[in-house]
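Asks: dropping the sequence and predicted coords here.
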Amino acid sequence: MTQLGSAAVGIRTLAELPFRVAERFDRPAMIRRCVGDQYTDVSARDYLERTRAFSLGLQALGLSPGDRAGIVCESRPEWTITDQAFLTARAVTVPVYPTLSASQTQFILHDAEATVVVVSDDTQASKVREFLGSLPSVKALVVIEPGTGVTLDAAGTVPVLSMADVEASGRRRLELDSRLADRYRAGVAAIQPTDVATIIYTSGTTGNPKGVVLTHRNVVANLQATNEVLHVTPADMALSFLPLSHTFERLAIYLFLHFGATVVFAESLQTVARDLERVGPTIMTGVPRVYEKYHAAVLEKISGAPPIRQKLFGWALGVGHRVAQARLNGEAAPLAARLQAPVAEALVWKKIRVRTGGRMRLMISGSAPLARSTADFFFAIQMPIFEGYGLTETSPVLTVNPPDAPRLGRVGRAIPGVELKIAEDGEILARGPNVMQGYYKRPEETAAVLKDGWFHTGDVGFLDDDGYLAITDRKKDLIVTSGGKNIAPQPIEQRIKRSPLVTEVVLVGDRRNFPAALIIPNFVELRARLGAAAQAADHDALVRLPETQVVYQAIIDEINVELAQFERIKRFAVLPTEVSIEGGELTPTMKLRRRVMEERWAAVIEQLYVRDVAASV
């Protein structure tokens, strides 16, 4: 065996991954996708062969070493095959969220000067074709799953081809040239760890996104160090449903495949609940919103159950909390909890866990803070969530909670090779082999965050005595009142979101006399709380009900007791809306766009600060 894919040393570059998988894991279903009640399978050998054929076909279209290549596609096996095809061609992968608008997609592909663009289907192809004429660098557009909506045209000014045709072209090249496979592998072996592997554009809560430049070494170091904490093995099965355009899930896929776990892609975000139960994964990565929705769904179901079942649920959850707290403290659970636990397991915990397939051993949460109430719930049903922390600029993982010693309210300890320190103003600084090279074509913005060898994260937090990191806020999100008081909004928002009646909340008040809150209700829970009088009301009418104002005033009053005088929320507005990626309120990684919310509800915010105006929409 050559150095490529060596079992002893793993991989040097991401381009070597298909060879490692094929050489080490001879599995007929290495990568799967749920499609209806069936699976589509890609074997370990197919993974390598399809990657090679597609890469050689793309090179015949003009993809050259160093070129940037865009992919606009939902998460599916072809996404990672395309990524590896780019990388083994010594090109640079530029992922684009398929949920972005045409103008946002155009900005990224133009800024990156993409040479080839691969899209998932006719919808994405039509979107890219709207502005293809403004991208002089593009030599070909490839459609993974073409339907009848876009005409394939191999002879056009910019050829439009199917993935199947490009793969077939690559296979013909291999048949006609007996030494091409060897040259292809030699080309992969020649790639250096310091070569650029990908440019990932940040989702951007404000302004245009910036391209984060990561080398092969950045990402490979991160996946290997992360697994020193998580210990993924070939016995694992992972369910993937987050967008691969985001570095968190993409790193997870690299990690799973490198260490031999089977990867199963959910059919879509809408089928995750079905696919979870069917696949029975042992590992899952998610963002807080996913776990919080699951938690809310369980609570909603229980709220409609007979009183005896509600009492049983409350009792079992209480037992679970006592067992979990003892574990977190490194202690034995109280005798009563130990005796009650088997009953709680049989009657409640197990029945909730079965909805995830019943085999889950590791659930990872990243990208945003996880609500403490949700973390408590999952620990109580003996299916703990382990929080981690990182940024696109750090490939992405900086910290993760070790499964054998997790701490709630912390995002874990630094993974091997990563150093953390806290600046005088509380900002978290990091350095290590996973830190980016800089922002693409933006030297001034690069210099603003990379100083003296340390990456300035823009997050505020602290390290406890045992090296566990706590995130308290985003530095740029700090609210400075007109009285000069600094308020960190996220901790207050998290406290408010503990209520099942609240889906999202945005604290406002920068350069104002006092903080106020925009509250997005959980409409299902709110209707249940208000009873028959609220059932016929639409969202607009519902939030205007005096009873609604009373409900949320009580929540705010309870929170205000815990806050300093200058932090207390004086007024609030309950908004008649829900938030979504499509609506623009959430980033593709499901983070709330604070500036979008403030701009969209500017008139409501102004009313909150008009003297003697009641806190209502």
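Replies: Structure received. Residues are numbered from 1 along each chain as shown.
Asks: was I right about V160 contacting K139?
Replies: No - counting by C-beta atoms under 8 Å, V160 stays clear of K139, with 11.5 Å between them. Where C-beta positions appear, they are placed from N, C-alpha and C, glycine not excepted.
Asks: can you count the residues close to A337?
Replies: Other residues within reach of A337, judged by other C-beta atoms under 10 Å, total 19.
Asks: how many other residues sit next to the closest residue to it other than its chain neighbours?
Replies: Computed as C-beta to C-beta, 6 or more residues apart in numbering, the closest residue to A337 that is not its neighbour in sequence is R322, at 4.2 Å. Neighbours of R322 under the rule other C-beta under 10 Å: 18.
Asks: list of residues touching the host helix or strand of R322?
Replies: Assessed by DSSP states H and E, R322 sits inside helix 307-328. Helix 307-328 is contacted from outside by 302-303, 305, 332-334, 337-338, 340-341, 343-344, 347-349, 376-377, 379-382, 384, 406-408, using C-beta atoms under 8 Å, 6 or more residues apart in numbering.
Asks: filter those residues down to the ones in strands?
Replies: Using DSSP state E, no member of the contacts of helix 307-328 sits in strands.
Asks: sorry, back to before: confidence score at the residue nearest to A337?
Replies: Among the per-residue scores, R322 shows a pLDDT of 96.
Asks: do you know how far it is from V343?
Replies: Applying C-beta to C-beta, to the nearest Å, the value for R322 to V343 is 13 Å.
Asks: same check on A532?
Replies: Taken as C-beta to C-beta, the span from A532 to V343 is 36 Å.
Asks: quick one, which of the two is more surrounded?
Replies: Higher neighbour count among A532 and V343: V343, with 14 against 7, using other C-beta under 10 Å.
Asks: can you pull the contacts of the more buried one?
Replies: Going by C-beta under 8 Å, 6+ apart, V343 touches A316.
Asks: against R355, how distant is it?
Replies: V343 sits 20 Å away from R355, going by C-beta to C-beta.
Asks: please apply the same query to A29.
Replies: Using C-beta to C-beta, A29 is found at 24 Å from R355.
Asks: my guess is V449 contacts H456. True?
Replies: Yes - V449 lies in contact with H456 (C-beta under 8 Å); the separation is 4.8 Å.
Asks: and the longest strand for the protein?
Replies: The longest strand of the chain (DSSP E) is strand 454-463.
Asks: buried ones in it?
Replies: Buried residues in strand 454-463, counting neighbours by 16 or more other C-beta atoms under 10 Å, are found at 454-461, 463.
Asks: mind putting those residues into CSV with distance to F566 and pLDDT?
Replies: Below are those laid out as CSV (distance: C-beta to C-beta, whole Å; pLDDT from 0 to 100):
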residue, distance to F566, pLDDT
W454, 32, 97
F455, 32, 98
H456, 27, 97
T457, 26, 95
G458, 24, 91
D459, 23, 90
V460, 18, 90
G461, 21, 93
L463, 27, 97
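Asks: closest to S178 out of the residues you listed?
Replies: F455 (47.6 Å; C-beta to C-beta).
Asks: contacts only, for T356.
Replies: Neighbouring residues of T356 by C-beta under 8 Å, 6+ apart: 276-277, 280-281, 284, 383.
Asks: narrow the residues you listed to those in strands?
Replies: Going by DSSP E, the strands hold M284 from those.
Asks: just the buried ones among the contacts of T356, please.
Replies: Buried members of the contacts of T356, counted by 16+ other C-beta under 10 Å: 276, 280-281, 284, 383.
Asks: sort out which one of the contacts of T356 lies nearest E578 for me.
Replies: Looking across those and measuring by C-beta to C-beta, the closest to E578 is L276, at 23.1 Å.
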